[in-house]
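>>> sharing a model that was predicted from the sequence below.
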Amino acid sequence: MARTFQEKCREDCLLNGHTLPYAVHKKEADVVVRARAASLGACHTYLLRPHIFAGASVQNYLVGGFRGTPSGSSRLAAWMRRRGLRLPFPIPFGRQFLQTRFQFVHVDDVARLLAHILRREEPHSGLTVLNVAGRGQALTLERCLEIGRTRRVRLPGPAGVRAALQLLWKLGISAVPPEATPYITTTYLMDLSRLREFLGNAYERVMRYTVEDALVDSFASLPDAPVAEATAESPVCTEVHHG
């Protein structure tokens, strides 16, 4: 739902969720809310577009991937969780992929933002769309892995990452869908100037976590654990036959 490379997506950018069902559903929900806002009568509608949620209580595909959680439903995944094993994070060969950047937002900041909105007195009805992410700079993938003390396994291109995720998905070891590959290997960033303007003097009081602090808190209770099968810089080539 954001533009790639150096350009940050503003609230008026064309929505372009793709591949990953979660992203497609977010886009469809966004369209429905905007279409119905005008018919809701004398109330003000807020449409929040949060980036990747983070925090100690958060479970999602990317944070789970950085944690190395064997999040699948198979017996093997359950055995790995009991042993405290962590999966390595798959990355294509090439320095540029370690520079892929991510934004996060702490769930507590989102809760504070919702409370702030509910306390506002709106003089008129209308629609306000806000991108939402933590304060500060986006994190490179390399920095995310450092924060999580997460090992990485290098693979031949995004296709190799997708093949590895497909294999782990089919074996029931990981709940990270292979459709998430473009969101792991490409930079998607939001412009947050409207959120800062909207909150004004309350910005740092509401959005208390920086992007980095939000991700750090996701690992607050994660102990050091052995990593399954791959070493930090092991080049691995996986061949997968798709059915």
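Perfect, I can see it now.
>>> name the element Gly160 belongs to?
helix 157-170 (DSSP states H and E).
>>> rounded mean pLDDT for that helix, please.
Averaged over helix 157-170, pLDDT sits at 97.
>>> tell me how many other residues crowd Thr186.
14 (other C-beta atoms under 10 Å). From N, CA and C alone the C-beta is placed, and that goes for glycine too.
>>> I'd like the next helix or strand past the helix holding Gly160.
Immediately after helix 157-170, counting by DSSP H and E, sits helix 181-185.
>>> counting by contacts, list what the helix or strand following that following helix packs against.
On the C-terminal side of helix 181-185, the nearest following helix or strand under DSSP H and E is helix 193-199. Other helices and strands packing on helix 193-199, by 3 or more C-beta pairs under 8 Å, 6 or more residues apart in numbering; DSSP states H and E, are strand 126-132, helix 203-206.
>>> quick check: closest non-adjacent residue to Gly136.
Thr210 (3.8 Å; C-beta to C-beta, 6 or more residues apart in numbering).
>>> from what I see, that neighbour and Ala138 are in contact.
No: judged on C-beta atoms under 8 Å, Thr210 makes no contact with Ala138 at a distance of 10.5 Å.
>>> residue closest to the middle of the protein?
Ile52 (3.2 Å; C-alpha atoms, centre = their mean).
>>> ok, it - contacts?
Asn60, Leu62, Val63, Phe102, Gln103, Phe104, Val105 (C-beta atoms under 8 Å, 6 or more residues apart in numbering).
>>> tell me how far it lies from Arg162.
19 Å (C-beta to C-beta, to the nearest Å).
>>> do the same with Gly126
42 Å.
>>> ok, the two, which is more surrounded?
Arg162 (24 against 12).
>>> in the sheet, who's paired with His44?
Beta-bridge partners of His44, counted by DSSP bridges, are Gly126.
>>> and it, what does it touch?
Glu122, His124, Ser125, Gly126, Leu127, Thr128.
>>> ok, Ala175 next?
Contacts of Ala175 by C-beta under 8 Å, 6+ apart are Tyr61, Gly64, Ser71, Gly72, Ser73, Trp169.
>>> next, count neighbours for the residue lying closest to the first one once chain neighbours are set aside.
Counting by C-beta to C-beta, 6+ apart, the nearest residue to Tyr61 once its immediate chain neighbours are dropped is Val176, at 4.7 Å. With neighbours defined by other C-beta under 10 Å, the count for Val176 comes to 24.
>>> which ones are touching Val176?
Contacts of Val176 by C-beta under 8 Å, 6+ apart are Tyr61, Gly64, Gly65, Ser71, Leu165, Leu168, Trp169.
>>> change it to 6 Å
Tyr61, Gly65, Leu165 (C-beta atoms under 6 Å, 6 or more residues apart in numbering).
>>> include neighbour count and distance to Glu142 when you put those into a markdown table, please.
Shown next, in a markdown table, are the contacts of Val176 (neighbours: other C-beta atoms under 10 Å; distance: C-beta to C-beta, whole Å):
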| residue | neighbour count | distance to Glu142 |
| --- | --- | --- |
| Tyr61 | 20 | 19 |
| Gly65 | 23 | 14 |
| Leu165 | 23 | 20 |
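>>> out of those, flag the one nearest to Arg194.
Tyr61 (27.0 Å; C-beta to C-beta).
>>> circling back to that earlier point, the helix holding Gly160: how far from the chain's middle?
18 Å (C-alpha atoms, centre = their mean, to the nearest Å).
>>> same deal with stretch 130-140?
11 Å.
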